[in-house]
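S.K.: Next one to model:
(one chain, ligands or ions: 1)
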Amino acid sequence: MANAIIIFIHVMGAAVAVGAGAFGLLFLLPQARLREKDGAPDETSLTYLLMDRLAPTMFTAILVLVFSGIYYMMENYTDQVNLRDGYYNILGVKLLFVVAAFFFSAYQTFMLKPDISNIDLQPERRQRVPEVLKKMETTGKAALAAVSLAVFVGIYLARY
Ligand code: HEM
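M.R.: Have a look, this model is predicted:
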């Protein structure tokens with residue numbers, strides 16, 4: 001039962017990370033960009049609102065994945081003598097994608113997002129908004145790609 005709950009949380013984390021990322025970056029963002037074709041996005045734009053909310057959403061989901069994944073391994077520690085050869089090689093490949101996803105998402109949430117937050121307090125940063133939003137789009141897509149690959153390797157691992 002405990003395993004089912006932990007894997008449920010793990011899979012829900014994956015669903016939120018990939019679902020929110022794909023919906024936001026591949027579906028909503030192009031629509032939001034269409035509305036801004038006359039000018040660069042500012043801090044009142046839909047693009048800004050979307051990226052401002054999406055970055056911490058994906059980061060939280062990735063944190064949930066990391067904690068639930070580590071907890072699952074700790075919970076099943078004594079079973080690890082029965083694992084097939086090569087299990088940890090596949091886990092290692094998966095963790096490379098996890099590290100990449102974590103890095104991109106953390107950079108987006110803790111470096112890029114604060115750079116264009118509270119514009120009313122520091123209006124001189126307003127001109128950086130379009131450039132930073134573009135970077136957030138790129139790092140968001142990189143995080144989404146890494147999480148999606150981690151999902152694939154995770155599913156492969158569970159059936160190995
Ligand atoms: C971006 C982060 C991650 C994603 C998207 C992800 C995704 C997944 C998926 C989709 C599964 C398959 C569940 C199933 O079909 O039953 C899985 C299983 C698993 N994950 Fe993750 N995971 C992530 C991070 C981690 C981390 C950080 C760890 C541990 C260090 C971890 C350890 C595991 C383990 C032990 C399993 C079960 C494998 C088995 O049944 O033998 N995951 N993961």
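S.K.: Could you check what's spatially nearest to residue 57, not counting adjacent residues?
M.R.: Take residue 57 and drop its neighbours on the chain: the residue closest to it by C-beta to C-beta, 6 or more residues apart in numbering is residue 20, 5.0 Å away. (Each C-beta comes from the backbone N, C-alpha and C, glycine too.)
S.K.: Report the contact partners of that neighbour.
M.R.: Residue 20 makes contact with 54, 57, 58, 61 under the criterion C-beta atoms under 8 Å, 6 or more residues apart in numbering.
S.K.: Can you give me the pLDDT of it?
M.R.: Predicted confidence (pLDDT) for residue 20: 98.
S.K.: What strand or helix carries it?
M.R.: Per DSSP states H and E: residue 20 is located in helix 2-21.
S.K.: Flag every buried residue along the very next helix or strand once past that helix.
M.R.: As assigned by DSSP H and E, the chain's next helix or strand after helix 2-21 is helix 29-35. Neighbour counts using 16 or more other C-beta atoms under 10 Å place 29, 32 of helix 29-35 among the buried residues.
S.K.: tell me what helix 29-35 is packed against?
M.R.: With contacts taken as 3 or more C-beta pairs under 8 Å, 6 or more residues apart in numbering; DSSP states H and E, helix 29-35 sits against helix 46-75.
S.K.: Helix 46-75 and the helix or strand following the helix it packs on, what's the angle between them?
M.R.: With elements assigned by DSSP H and E, the helix or strand that comes after helix 46-75 is helix 87-107. Angle of helix 87-107 versus helix 46-75, following axes from the mean of the first three to the mean of the last three C-alpha atoms, to 10 degrees, is 150 degrees.
S.K.: returning to that earlier point: what angle sits between the helix holding residue 20 and helix 46-75?
M.R.: In terms of direction (the same axes, to 10 degrees), helix 2-21 departs from helix 46-75 by 160 degrees.
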